[in-house]
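> Next comes the sequence, and after it the predicted model I'd like to discuss.
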Amino acid sequence: DWSSDVCSSDLEKTTYDVLLSYPNEDKPNIIKLMHNGGVINQTAENEEIPGEDNTGVIQPFNAYSPNGTFSGNMMYVNYCRREDFEELVKRGIDVTGHIVICRYGAIFRGSKVNIATSYNATGVILYSDPKDYAAEGMDKVYPDTWWLPPTGVQRGTVYYGEGDPLTPGYPATDSAYRLKEEEAYGLPKIPSHPIGYQDAEPLLRALDGTDAPGDWQGTLGFTYKIG
């Protein structure tokens, strides 16, 4: 007999106070490509999806990314995996003090930011390369197929811990002991921001220097360079 004698009056609602992260609607995240003190390219403030009204759609952002402004030279680091950075080290290339741009895929986005931090990068730009997310061609994307359109942006957390960052291992109730944010494990230390491959193209085209390895090449129609 699977019947239950529990009625609604026996139920309790528990409130949790969890550290969350939201973008500022009045100050959307943007990336500016600068040359000689002037802006030559700027990423979209909002995500435009073909055939849809994006009114009210949350702006692109990475949850828990630190707030602030960062600038510097940029380098391409493939998927931002540890083996990708090891390949750069073998080539005598140091990303210290640089912004790194990498494609989504292979590993969790939070791990990408964490690994970039360990190699002393100052910020991370994540984008979805059509090689991975428009595999049938950039002319065969949403809304005609399920592949990602050029303006599509992946959102998600870059927190690589578990549960509430300030009450690890315990429910985030009013009476819970809380860590300070600077003490929390898994919160990223450097800013990051996601963009679509339409916005990534001029950034990647602006890079010079050594050609990226063959398995680092995407399908935007030019040779990717490390920078």
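Structure's in. What do you need?
> ok, which stretches of this structure are strands?
Along the chain, counting by DSSP state E, strands occupy 32-35, 38-42, 62-63, 74-76, 99-103, 123-127, 156-157, 192-195.
> looking at these, which is closest to L148?
Closest of the strands of the chain to L148 is strand 123-127, at 10.6 Å (criterion: CB to CB). (Each C-beta comes from the backbone N, C-alpha and C, glycine too.)
> which stretches of the protein have low pLDDT?
For the chain, applying pLDDT under 70 flags the ranges 1-9.
> middle-most residue in it, spatially?
In the chain, the C-alpha closest to the average C-alpha coordinate belongs to P194, at a distance of 4.1 Å (CA atoms, centre = their mean).
> in the sheet, who's paired with that one?
L126 (DSSP bridges).
> Give me the residues contacting stretch 37-54.
Defining contact as CB atoms under 8 Å, 6 or more residues apart in numbering, one finds that stretch 37-54 is touched by 28-34, 57, 59-60, 142-143, 149, 151-153, 195-196, 199, 202-203, 206.
> Excluding chain neighbours, what is closest to E136?
By the measure of CB to CB, 6 or more residues apart in numbering, the closest residue to E136 outside its immediate chain neighbours is W147, 6.1 Å from it.
> number of nearby residues for that neighbour?
When neighbours are defined as other CB atoms under 10 Å, W147 has 18 of them.
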